[in-house]
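Enquirer: predicted model and sequence follow; I will ask about them next.
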Amino acid sequence: MKEQILSFLRSNARMSVSDIAVRLNAAEVDVASAIAEMEKSGLIRGYTAILSDEAPGAEKRVKALIEVKVTPNRDGGFDRVARRIAKFPEVTDLCLLSGSYDLQLTVEGDSLQQVANFVAAKLATIDGVISTSTGFQLKKYKESGIIMQGDEEYERLKVCF
Amino acid sequence: MSGSKSVSERLIAPHIANLPPSGIRKFFDLVNSMDDVISLGVGEPDFTTPWTIRESGIYSLEHGHTSYTSNLGTPALRRAICDYVEKNYNCSYDPARECIVTIGVSEAVDLALRMLITPGDEVIYTEPCYVSYPAEITMAHGVPVPVTTRAENAFAVEPEDIERAITPKTRAILLNFPCNPTGAVMPPEKLRAVAELAVKHDLAVLTDEIYSELNYDGDHVSIAALPGMKERTIFLHGFSKAFAMTGWRVGYACAPAPMIAAMMKIHQYAIMCAPTVAQEAALEALRNGGNAVNEMRESYRLRRDFFVKGLNEIGLDCLLPHGAFYAFPSVAKSGLSSVEFAERLLKAEKVAVVPGEAFGPGGAGFVRCCYATGADELHESLARMKRFMKSLQ
């Protein structure tokens, strides 16, 4: 049941407990307690809204995707550097990748200057960071499975055999 | 002057002029004239064709694949179809001689009937059923012989009922399980008994398996795979329902080579070939559409479970349909006929369901509700139907 609950929540985190219960043919209390348990144990880390570029305030935010090469630390591998970078509130996403660079992070700021400052003053100076490559996001087409520009309305038949 | 016909009317062949128009055209017109209707009246998936399939169609056009294909369909698609049928239906066909690609399964049904029927031959089919069957039999100059399926048998057809309908003029039995409109499937033992009847009376069997991937509670068994059946069975299928490709119009028939050769003649003279773009998209469906089919099936199953439970809770008694994406509840407790029920529900609550009579007299007292509809709309429709049922008390 947990897997199915998660698949509903992943497509719509605001789906109500009663809706999920009906769809799974399960009792509401069981669904509610399964969700509470997953929130408590950390299987569910949080819920967020997916916004379009036109959302109020979005035009004032600048997003950058930064590729970072790192010297792994003898004891902690990439973890020590990664955890340190993750603590900056400017960093919204961070992961370790295979390939030609090591860490990929998304940084958000109020201006291009602010992001540039973060990269130059904070990120690049961290022990173990060898190089950074920053790309600023120009337009968003898809996020978390949601396509930003929907298809045009297409009228289907209302009744047919 | 009443009774007199215009020249143009007189020129229409009687067997076409006498085809009954769909009995509920008026009801459909009413639905189409209203706004904000929640429609449970469709006969197709609410999904758009999976992107990988659509993208293949675009690629095909982009690269200028706009000419005819072989009459039978592209060799690659026929090979993929025969592999798919062998793997999923346990029945092997030669792609070169035993498979033909058609314009939807509807064309395949038409070809098979025209191939089989000599004027006056009887074709047995189950009712309630998809609206086209009796008309297609008639258009092929056959005599449609309905056998009613009943709620007490979960709308499976009783082999004894079929046997009673067999006469010296019977040529074929037409089956459609999982069934539109009832969602019924055939228990394997009953299917075997029907197969034995076909052998005993030397009949052909047409099996329209358009909903066969949408079987939620068991493994689908095709009558074509039963002993002794391949030689007398025309296996009919298509991409519309499982792959959400209704508008592409691609179907197919698999049958012994002499039958396909005969069907091919009709197809060749009347149709030429199925659209090239659609055939290439269908090939992609077979190559890479399997996951999407599984996801859609699971989505229908979840919706079926809560929708059917909801119907039963508000007094619309409904068997759990094992296949397709239709619930077929009884409206007995409303005290209304199914046509009255559908019309009054539409006017009072703006929910459209299809009266069972549309699918033959055996459908009286039932309505068809398609649950391949958004979950939110299904919830809302249940709330509205509940209010409607209360208003009748």
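Expert: That came through, no problem.
Enquirer: which residues sit against stretch B:109-116?
Expert: Contact with stretch B:109-116 is made by B:100, B:102, B:123, B:132-133, B:136-137, B:139-140, B:142, B:171-172, B:174, B:204, B:206, B:208, B:234, B:236, B:253, B:255, B:259, B:262-263, B:266-267, as judged by CB atoms under 8 Å, 6 or more residues apart in numbering or on different chains. (Each C-beta comes from the backbone N, C-alpha and C, glycine too.)
Enquirer: in ChimeraX, how would I select just the buried ones from those?
Expert: Buried residues among the contacts of stretch B:109-116 (16 or more other CB atoms under 10 Å in any protein chain shown), as a ChimeraX selection:
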select /B:100,102,123,133,136,137,139,140,142,171,172,174,204,206,208,234,236,253,255,259,262,263,266,267
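Enquirer: the residue of chain A at minimum distance from chain B and residue B:341, how far apart?
Expert: Nearest residue of chain A to chain B: residue A:159, at 3.6 Å (CB to the nearest CB). Relative to residue B:341, residue A:159 is positioned 15 Å away (CB to CB, to the nearest Å).
Enquirer: near chain B, which residues of chain A show up?
Expert: A:19, A:22, A:23, A:24, A:25, A:151, A:156, A:157, A:158, A:159, A:160, A:161 (CB under 8 Å from any CB of the partner chain).
Enquirer: now with 7 Å?
Expert: Residues of chain A that fall close to chain B, judged by CB under 7 Å from any CB of the partner chain: A:22, A:23, A:25, A:157, A:158, A:159, A:160, A:161.
Enquirer: any idea which element the residue of chain A closest to chain B lies in?
Expert: Under the criterion DSSP states H and E, no helix or strand holds residue A:159.
Enquirer: pLDDT at it, what is it?
Expert: If you check residue A:159, the pLDDT there is 83.
Enquirer: one step back: more neighbours, residue A:159 and residue B:341?
Expert: Neighbour totals were compared for residue A:159 and residue B:341, and residue B:341 leads with 26 against 22 (other CB atoms under 10 Å in any protein chain shown).
Enquirer: now for the more buried one: which residues touch it?
Expert: Neighbour list for residue B:341: B:331, B:334, B:367 [criterion: CB atoms under 7 Å, 6 or more residues apart in numbering or on different chains].
Enquirer: contact partners of the single longest helix found in chain A?
Expert: As assigned by DSSP state H, the longest helix anywhere in chain A is helix A:28-41. The contact list for helix A:28-41 (CB under 7 Å, 6+ apart) reads A:1, A:2, A:5, A:17, A:18, A:20, A:21, A:24, A:44.
Enquirer: one more time with 8 Å
Expert: Residues contacting helix A:28-41 (CB under 8 Å, 6+ apart): A:1, A:2, A:5, A:6, A:9, A:17, A:18, A:20, A:21, A:24, A:44.
Enquirer: which of the residues you listed fall in helices?
Expert: Short answer: these in helices (DSSP H) are A:2, A:5, A:6, A:9, A:17, A:18, A:20, A:21, A:24.
Enquirer: up against chain A, what does the stretch 51-200 of chain B have?
Expert: Residues of the stretch 51-200 of chain B lying near chain A (CB under 8 Å from any CB): B:130, B:131, B:132, B:180.
Enquirer: again, only using 7 Å
Expert: Listed as neighbours of chain A in the stretch 51-200 of chain B under the rule CB under 7 Å from any CB: B:130, B:131.
Enquirer: show me what contacts residue B:120?
Expert: When contacts are counted by CB under 7 Å, 6+ apart, residue B:120 touches B:143, B:169.
Enquirer: okay, now residue B:251: neighbour count?
Expert: Around residue B:251 there are 26 other residues, counting by other CB under 10 Å.
Enquirer: and it, how far from residue B:238?
Expert: Going from residue B:251 to residue B:238 by CB to CB gives 3 Å.
Enquirer: how close does residue B:102 get to chain A?
Expert: From residue B:102 across to chain A, the span is 18 Å (CB to the nearest CB, to the nearest Å).
Enquirer: right, and that residue touches residue B:273 too?
Expert: No - using CB atoms under 7 Å, residue B:102 is not in contact with residue B:273, being 9.4 Å away.
Enquirer: quick one: the helices in the stretch 51-200 of chain B?
Expert: Assigned by DSSP state H, counting those that start in this stretch, the helices in the stretch 51-200 of chain B fall at B:51-62, B:75-89, B:104-116, B:132-139, B:159-165, B:188-200.
Enquirer: where in chain B is pLDDT low?
Expert: Applying pLDDT under 70 to chain B flags the ranges B:1-3, B:22-23.
Enquirer: how about the residue of the stretch 1-150 of chain B found nearest chain A, nearest residue that isn't a chain neighbour?
Expert: Proximity of the stretch 1-150 of chain B to chain A (CB to the nearest CB) peaks at residue B:41, 3.6 Å away. Nearest residue to residue B:41, sequence neighbours excluded (CB to CB, 6 or more residues apart in numbering or on different chains): residue A:159, at 3.6 Å.
Enquirer: same check on residue B:57?
Expert: residue B:281 (4.0 Å).
Enquirer: I'd like to know how many residues surround the one you found.
Expert: Neighbour tally, residue B:281, other CB under 10 Å: 27.
Enquirer: any buried residues in the strand or helix carrying it, and which?
Expert: Per DSSP H and E, residue B:281 falls inside helix B:276-288. Neighbour counts using 16+ other CB under 10 Å place B:276, B:277, B:278, B:279, B:280, B:281, B:282, B:283, B:284, B:285, B:286 of helix B:276-288 among the buried residues.
Enquirer: next one: that helix to chain centre, how far?
Expert: In this view, helix B:276-288 has its centroid 21 Å away from the chain centroid, taken as CA atoms, centre = their mean, to the nearest Å.
Enquirer: and the angle for it with helix B:51-62?
Expert: For helix B:276-288 against helix B:51-62, the angle by axes from the mean of the first three to the mean of the last three CA atoms, to 10 degrees is 140 degrees.
Enquirer: what does helix B:276-288 rub up against?
Expert: So helix B:276-288 is contacted by B:52-53, B:56-57, B:60-61, B:65-67, B:69, B:73-74, B:76-77, B:80-81, B:84, B:101, B:239, B:243, B:245, B:248-250 (CB under 7 Å, 6+ apart).
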